[in-house]
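1. sequence unknown, structure follows:
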């Protein structure tokens, strides 16, 4: 087994083809590595590597789910944090594989995850903390919702779900595919992805992104954002983040740019998008590759927000953005 890795700030590394497979490392080495991680976010990512690594981490992570029928596994697709995960007041929120909310407080992992679904047969599409408060957008009815945390009679963390507005008050097109939300300069923004296919059975030809900012006066509205200025947005099914790009630059990262990870891994018999280039591949060329493609947004002849897409082929789960320490502050 070989490995490849890449950082959000540019650069890549490739493993040695004779290296021991990660899943075959001895448990004592994995335990030492796991216990050396002090941040909960790093421990969650450790457990997500493979079954063997999760088995080592499982005694230390909340594994039960209050509100989940017995016998159904708890699978998390996206995990976010309300504040620095080393603080005991930090709330961990996640989207499950059946589009529910899962949450727990870092200071009390023994209580396990609490699961909250939605009414009206709706499903979660994305979640984000903004100014310490948790928001979500739904997949079917297309609503903006807010999760208001409190303590129940058992002195356990609980949540009330409040619907804020429908998402029909922003300009959208018939090809709308997926929406992401994240915090940008202290405000909640929504990134809407539209794509065009070769045909209904093949891969993506082009992605177009539109950014909207939530404004609340006497009502909620979503005015369009035409320029990200000195920020770059990283979006994807496993996590999204706004990163400020300094005047001196930050690796290959560019201002006014959206970097996105495609919502699923391409199958080996899928046709890859037109114009993509190879970003990473395994050393033994066993079919595991990551492609990238740059697109330019042009509206009425005016250059807009640029985007670069990354497409993984041969994997099971979509890739995750990893930010070096110099990217941590936005």
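-> Yep, that arrived. Note that the structure is predicted; figures quoted are calculated from it, not measured.

2. need the contact list for the closest residue to residue 142 other than its chain neighbours.
-> Nearest non-adjacent residue to residue 142, counting by CB to CB, 6 or more residues apart in numbering: residue 167, 4.1 Å away. In this view, the C-beta of every residue, glycine as well, is placed from N, C-alpha and C. The contact partners of residue 167, by CB atoms under 8 Å, 6 or more residues apart in numbering, come to 137, 142-144, 179, 190, 222.

3. and residue 31, by the same measure?
-> Shown in contact with residue 31 (CB under 8 Å, 6+ apart): residue 56.

4. ditto for residue 190
-> By CB under 8 Å, 6+ apart, the residues touching residue 190 are 137, 167, 170, 179-181, 211-214, 222.

5. and the residue nearest to residue 142, how far from residue 140?
-> 11 Å (CB to CB, to the nearest Å).

6. also residue 96?
-> From residue 96 to residue 140 the distance is 16 Å (CB to CB).

7. can you list the domain ranges for the chain.
-> 1-61, 63-167, 169-330 (automatic domain parsing).

8. a markdown table please, covering those and showing mean pLDDT.
-> Shown next, in a markdown table, are the domains of the chain (pLDDT from 0 to 100):
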| stretch | mean pLDDT |
| --- | --- |
| domain 1-61 | 62 |
| domain 63-167 | 85 |
| domain 169-330 | 79 |
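
9. ok but residue 210 is inside a strand, no?
-> Yes: counting by DSSP: H, G, I helix; E, B strand; the rest coil, residue 210 falls inside a strand.

10. ok, for it, nearest residue in space, not its chain neighbours?
-> Spatial nearest neighbour of residue 210, chain neighbours left out: residue 192 (4.8 Å); criterion: CB to CB, 6+ apart.

11. I'd like to know how many residues surround that neighbour.
-> 21 (other CB atoms under 10 Å).

12. in which helix or strand would I find it?
-> In this assignment (DSSP states H and E), residue 192 forms part of strand 187-197.

13. quick one: strands adjacent to that strand?
-> strand 176-184 (antiparallel), strand 204-213 (antiparallel) (DSSP bridges).

14. mind listing what's buried in it?
-> For strand 187-197, a neighbour-count test (16 or more other CB atoms under 10 Å) marks 188-195 as buried.

15. okay, residue 96 and residue 140: which has more neighbours?
-> residue 96 (22 against 13).

16. number of nearby residues for residue 48?
-> When neighbours are defined as other CB under 10 Å, residue 48 has 15 of them.
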